[in-house]
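Asker: sequence first, then the predicted structure:
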Amino acid sequence: MRVRHMVALLAAALSIPHAATAETYHWDSVAIGGGGFVSGVIASKSERDVVFVRTDVGGAYRWDAAQSRWSALTDWVGEADVGLMGIESLAVDPRHAANVYLLAGTSYFSNGKTVILRSSDYGKTFAATDVTAQFKAHGNGMGRQNGEKLQVDPGSGNVLYVGTRRDGLFKSTDSGATWRHVDGLAVAGTPNDNGISFVLLDPASVSGGVAQRIVVGVSRFGSVGPNLYFSANAGASFAPVKGGPAAGLMPQRAVMSSKGKLYITYANGAGPHPATNEPMDNGQVWEYSAVGGNWVNITPAGAAHPYGGISVDPADPKHLVASTINTWLPQGAGGYGDRILTSRDAGRSWTDVVARGFALDQRGVGWIGNGQAIHWAGSVEFDPFDTSKVWVGSGNGLFKTSDINAATTSWAFDVAGLEETVPFQVESVPQGPLVSTSGDFDGFINADAGHYGVQHTPQMGTTTGLAIAAQDGRIMARAGTALYYSTDGGASWNKAAVMNGDHGQLALSADGYVMLHSPADSATSYRSTNFGASWTAVAGLSVVNARPVADPVNPNKFYVYDNGKLLASSDGGASFVQQGALAAGGASLIRVAPGHEGDVWVCLNGGGLTRSTDSGASFSKVTSVNQCGAVGFGKAAPGAAYPTLYIQGTVGTTSGVLRSTDAGASWVRVNDDAHQFGGPGNARMVNGDMNIYGQVYMSTAGRGIAYGQAMDAGGEVAVTPVAAGPATPNQPVNQCSYVVTAAWQGGYNAAVRITNNRSSVIQGWSVSWTYSDNSVVLGYWNAAVAGASPSYTATPNQSWNHDIYPGNTVEFGMTVSGAAIPVVTGDACN
């Protein structure tokens with residue numbers, strides 16, 4: 001978008017059409033960038049650019065070469081089947097890349113439901129075979145980065161094998177529709193509950209239409225029992241393989257070269273991280289001849305680390321790439337992670353490409369440069385069609401190099417479209433950004449949902465609590481292992497001096513004066529009026545894991561739902577009393593309608609949705625809603641007087657994310673069966689955008705923050721006309737626009753602020769002031785560059801020119817003598 005002219009306090013609307021068919025939505029994930037464990041990379045050997053990745057909690061993806069981004073394959077999974085977002089293994093038919101299979105299931109979700117998902121169209125659609133009664137997967141279990149347990153026979157696409165955690169080996173002869181146990185392998189469970197760590201079939205052994213040589217790795221130490229088995233008769237029988245590494249190691253992954261050599265990585269644990277009685281700090285790499293039975297220890301010299309990934313060049317059987325796992329060595333600027341090694345002589349010598357020269361290409365994702373590294377590198381893979389290119393999975397996403405042989409190997413954070421964070425809260429600030437908190441990565445401030453945001457700094461990892469003052473969006477707070485507050489919209493954060501317990505939930509009074517903190521697993525909540533310099537215990541609120549919510553209008557009011565009771569405070573959070581009674585079993589995250597005092601909404605799960613308009617003294621059920629798991633508010637529809645209401649629930653026979661523009665009298669579903677994202681996960685959150693009518697956000701169990709945008713009749717994302725309202729201090733702007741406000745901090749009566757949210761420099765952005773008379777102007781600029789804060793005196797019509805670096809903000813303030821109206825011209829996108 002190019003902005004040419006804006007006048008201070010101009011009230012005219014932009015001439016952009018709004019949505020005509022708001023029920024049609026485009027769904028995606030808010031751009032955070034990776035944020036979760038890519039546990040496997042699987043590239044087709046028969047078709048260029050057909051590449052899949054599996055994740056432990058965020059489903060599976062396919063590379064879309066035309067769009068240069070990853071396309072999610074499992075967003076159709078509904079809330080009841082959320083466990084299927086854990087992908088334990090993925091297989092591609094070696095001869096027909098369109099045939100894709102997933103082993104899906106998570107032990108602690110969906111009652112351990114496990115299915116084999118079968119696709120013949122590159123994962124666009126799937127058929128499912130429920131195998132729960134035969135075996136169970138655990139996509140987020142220990143050993144999840146081990147080799148692929150699910151394999152398609154290189155001789156026949158109808159024949160598949162799958163290794164399991166507790167029940168041995170299974171085989172299908174009808175493309176995965178049905179399965180039977182392979183009795184020839186006498187292996188069931190293992191002490192670490194990882195069972196079979198990989199299954200491998202030798203393409204060179206195809207005879208009678210199927211592979212005869214099958215290798216199975218078992219996730220146990222050699223002292224417990226054999227951990228490598230071999231079949232020479234298509235699985236009719238298996239024999240343990242003698243020799244190999246010492247008893248204290250277990251196989252992780254294996255790959256077969258075109259010369260019949262098997263390369264296996266070993267570690268002293270299942271991985272990707274240490275477990276009880278498994279230190280995960282040692283390992284080896286071995287070569288085994290599938291024909292001659294000879295073993296050779298090819299562990300890199302002087303590098304006694306646990307090893308995970310291994311891949312072989314299909315055109316050069318001596319060209320290998322391997323990775324360590326759970327190794328924390330220096331990697332780039334400030335990061336500590338795994339090592340990636342290559343060999344040109346079948347492992348007789350190795351080159352550590354990280355030690356040789358390491359560069360990180362962030363691809364616009366700012367947070368990955370904040371001391372992050374490639375770690376938990378359990379899967380490393382050559383591109384079969386260009387083996388100078390290599391992928392490596394990581395605990396924070398996926399990396400790819402275009403030249404593994406370069407003296408300084410540059411690793412691109414290859415996560416466009418791949419989102420796997422676990423969000424806890426997301427709030428849209430009126431006339432401001434999107435603010436979130438999440439597991440592991442603190443949370444972010446996104447100027448818009450489609451562009452990468454800025455990570456909260458200082459960092460503290462998992463951040464559960466978030467509160468923003470309803471009447472001043474500059475004031476916000478977040479809670480994790482510490483408590484931080486901001487008075488400048490998250491541009492900077494200050495640590496609270498005192499914190500009584502960690503994590504938990506926060507609330508800020510409407511004016512930002514009072515802060516409430518309910519620490520995790522505590523029955524005591526605390527109140528502060530000085531941003532955490534001191535606290536007093538809240539009276540009458542002995543609720544474990546309370547979730548206080550502030551009234552958006554009255555700074556003295558707060559609310560807490562407590563399993564059938566609505567507790568309220570009318571003294572600024574100093575004390576709570578029970579106001580009203582309603583059904584038990586409701587959602588702890590309640591909402592109060594923006595701009596409406598005492599208008600409290602509570603989801604009662606199977607009891608539907610209920611509302612109070614008298615601060616919780618009485619409630620009325622919204623009769624149209626059968627079930628409600630989450631509720632939130634967004635910008636009102638054009639012409640509507642009440643905020644738009646969103647729920648995740650059921651109205652009549654329609655379930656999903658639903659929207660109401662008339663306070664719950666009528667509803668439309670805004671997601672569809674292809675975009676369910678496994679439901680709202682543990683955070684149980686749905687919330688609207690306060691600046692864009694129809695835009696809605698939903699938490700997930702591992703697919704980041706899902707968001708929907710209303711589409712117009714032409715299939716384009718609809719943009720609601722926005723009129724310039726009263727000027728607000730510190731009004732944020734998008735990467736390609738600027739705003740003019742009044743009453744700027746410091747006493748300037750007109751100002752402009754430009755923020756660069758791109759990954760590249762905005763070069764030579766210029767601005768000039770013009771006026772209707774010759775008023776005297778005092779101007780200044782302040783770029784967020786260390787040590788730089790010069791000022792200058794501008795005369796009418798003087799121009800200013802300066803580069804704006806990624807993440808930086810430039811502010812211009814001016815004091816005008818007389819009643820002149822400043823007109824700003826310029827282009828923030830040149």
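Answerer: Received, thanks.

Asker: does Gly439 touch Met460 like I think?
Answerer: No. Between Gly439 and Met460 there is no contact under C-beta atoms under 8 Å: 11.7 Å. Bear in mind the C-beta positions are built from the backbone N, C-alpha and C, glycine included.

Asker: pLDDT weak spots in the stretch 201-350 of the chain?
Answerer: Within the stretch 201-350 of the chain, not a single segment meets pLDDT under 70.

Asker: mind running it again at 80?
Answerer: 277, 303, 333-334 (pLDDT under 80).

Asker: go on, the chain?
Answerer: 1-23, 277, 303, 333-334, 712-830.

Asker: the closest residue in space to Thr464 that isn't next to it in sequence and Val625: what is the separation?
Answerer: Of all residues not flanking Thr464 in the chain, His503 sits nearest, at 4.6 Å (C-beta to C-beta, 6 or more residues apart in numbering). To Val625, His503 is 31 Å away according to C-beta to C-beta, to the nearest Å.

Asker: before we move on, what about Ser231?
Answerer: Going from Ser231 to Val625 by C-beta to C-beta gives 57 Å.

Asker: residues in contact with the residue nearest to Thr464?
Answerer: Thr462, Thr464, Gly465, Ala479, Gly480, Thr481, Pro519, Ala520 (C-beta atoms under 8 Å, 6 or more residues apart in numbering).

Asker: mark which of those residues are part of strands, please.
Answerer: Using DSSP state E, the members of the contacts of His503 that fall within strands are Gly465, Ala479.

Asker: helix, strand or coil for the most centrally placed residue in the chain?
Answerer: The centroid of the chain falls nearest to Thr421 when counting by C-alpha atoms, centre = their mean (2.3 Å). The three-state label given to Thr421 by DSSP: H, G, I helix; E, B strand; the rest coil is coil.

Asker: with adjacent residues omitted, what lies nearest to it?
Answerer: Here the residue nearest Thr421, using C-beta to C-beta, 6+ apart, is Gly35, at 3.5 Å.

Asker: Gln145 versus the nearest residue to Phe358 once chain neighbours are set aside, what's the distance?
Answerer: Spatial nearest neighbour of Phe358, excluding adjacent residues (C-beta to C-beta, 6+ apart): Gly332 at 4.9 Å. Gly332 is 22 Å from Gln145, where distance means C-beta to C-beta.

Asker: where's the closest residue to Leu102 other than its chain neighbours, which helix or strand?
Answerer: Nearest residue to Leu102, sequence neighbours excluded (C-beta to C-beta, 6+ apart): Leu117, at 4.1 Å. In this structure, Leu117 is located in strand 115-119 according to DSSP states H and E.

Asker: how far off centre is that strand?
Answerer: Taking C-alpha atoms, centre = their mean, to the nearest Å, one finds the center of strand 115-119 at 24 Å from the center of the full chain.

Asker: sorry, back to before: how about the contacts made by the residue nearest to Thr421?
Answerer: Per C-beta under 8 Å, 6+ apart, neighbours of Gly35: Asn396, Gly397, Glu419, Glu420, Thr421, Ser438, Asp440, Phe441, Gly704.

Asker: do Glu23 as well
Answerer: Val668, Arg669, Val670.

Asker: parallel or antiparallel, list what pairs with whichever helix or strand it is part of.
Answerer: Here Glu23 sits within strand 21-29, counting by DSSP H and E. Using DSSP bridges, strand 21-29 pairs in its sheet with strand 706-711 (antiparallel).

Asker: got the domain ranges for this protein?
Answerer: 5-15+729-826, 39-242, 276-414, 423-711 (automatic domain parsing).

Asker: quick one: closest of these to His26.
Answerer: domain 423-711 (4.8 Å; C-beta to C-beta).

Asker: output the contacts of Gly35 as CSV; include the columns distance to Arg363.
Answerer: Compiled in CSV, the contacts of Gly35 are given as follows (distance: C-beta to C-beta, whole Å):
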residue, distance to Arg363
Asn396, 13
Gly397, 10
Glu419, 14
Glu420, 16
Thr421, 16
Ser438, 19
Asp440, 19
Phe441, 16
Gly704, 16
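
Asker: what subset of the residues you listed is buried?
Answerer: Among these, those scoring as buried are Asn396, Gly397, Glu419, Glu420, Thr421, Ser438, Phe441, Gly704 (criterion: 16 or more other C-beta atoms under 10 Å).

Asker: gap between the second one and Arg180?
Answerer: Same thing as Gly397. Using C-beta to C-beta, Gly397 is found at 38 Å from Arg180.

Asker: so Ser402 sits right up against Asp383, yeah?
Answerer: No. Assessed by C-beta under 8 Å, Ser402 is found out of contact with Asp383, at 9.2 Å.

Asker: and the helices in the stretch 251-400 of the chain?
Answerer: Secondary structure of the stretch 251-400 of the chain (DSSP state H, counting those that start in this stretch): helices located at 353-356.
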